[in-house]
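>>> Take this sequence and fold it.
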Amino acid sequence: MRALIQRVNEASVLVDGEVVGAIGTGLCVFIGASHDDDLQKAEKMASKIWNLRVFEDEDQRMNKSLGEAGGEVLVVSQFTLYGDTAKGRRPSFVQAAAPEVAEPLIAHLCKSLEEMGAQVASGRFRSHMEVQIYNNGPVTLNVEI
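Numbers count the residues shown, from 1 in each chain. So this is what the prediction gives:
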């Protein structure tokens with residue numbers, strides 16, 4: 001699994017002009033699954049997201065995790081994280097899992113985050129999504145499990 005994680009003041013996902021998921025302070029997670037991913041990797045990614053220390057403590061150091069900071073998570077499926085641009089001008093997405101494989105894995109990741117205590121919102125799988133993000137500082141991380 002691959003994720004692009006951004007610390008945000010707020011974020012939302014719209015489908016056909018309707019808000020389908022929104023959060024306040026927390027993390028916006030763009031997540032992609034590959035052919036090699038399974039439920040165990042989804043759980044490992046959820047744990048990584050929950051425990052990343054990217055929120056400031058009293059000394060303004062990034063020492064607090066999502067759970068400690070009390071933030072929320074917006075999960076947005078993003079098969080394009082597996083886009084290979086090594087050859088030519090058109091990305092290849094052959095490493096991305098098929099929708100019928102990726103959707104249950106991402107749903108399991110969301111469920112795992114909820115079981116850890118996270119408030120989770122998400123986009124809508126197989127939909128054209130518009131994502132609005134209000135970053136909270138220059139915190140954007142690539143994570144691969």
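
>>> What is the end-to-end distance of stretch 85-95?
12 Å (Cα to Cα, to the nearest Å).

>>> Kindly provide the distance from Cys110 to Gln95.
Distance, Cys110 to Gln95, using Cβ to Cβ, to the nearest Å: 22 Å. In this view, the C-beta of every residue, glycine as well, is placed from N, C-alpha and C.

>>> Tell me which of the two has more neighbours.
The neighbour comparison of Cys110 against Gln95 (other Cβ atoms under 10 Å) goes to Cys110, with 20 against 16.

>>> Packing partners of the helix or strand harbouring that one?
Taking DSSP states H and E as the definition, Cys110 sits inside helix 99-116. If contacts are counted by 3 or more Cβ pairs under 8 Å, 6 or more residues apart in numbering; DSSP states H and E, helix 99-116 sits against strand 26-32, helix 39-51, strand 72-77, strand 119-122.

>>> ok, 7 Å please
If you count contacts as 3 or more Cβ pairs under 7 Å, 6 or more residues apart in numbering; DSSP states H and E, helix 99-116 packs onto helix 39-51, strand 72-77, strand 119-122.

>>> buried ones in the first one?
What it means is helix 39-51. Using 16 or more other Cβ atoms under 10 Å as the test for burial, helix 39-51 gives 41-46, 48-50.

>>> from the middle of its chain, how far away would that helix be?
Averaging C-alpha positions (Cα atoms, centre = their mean, to the nearest Å) puts helix 39-51 11 Å from its chain's average.

>>> And for the last one?
In terms of Cα atoms, centre = their mean, the centre of strand 119-122 is found 10 Å from the chain centre.

>>> quick one: contacts of it?
21-23, 72-76, 110, 113-114 (Cβ atoms under 7 Å, 6 or more residues apart in numbering).

>>> So for the closest residue to Phe79 other than its chain neighbours, what's the pLDDT?
Closest residue to Phe79 apart from its sequence neighbours, by Cβ to Cβ, 6 or more residues apart in numbering: Ala96 at 4.1 Å. Listed pLDDT for Ala96 reads 94.

>>> before we move on, back to that, wait, which of the helices and strands packed on helix 99-116 is closest to Val29?
Comparing these against Val29 with Cβ to Cβ, the closest turns out to be strand 72-77 (5.1 Å).
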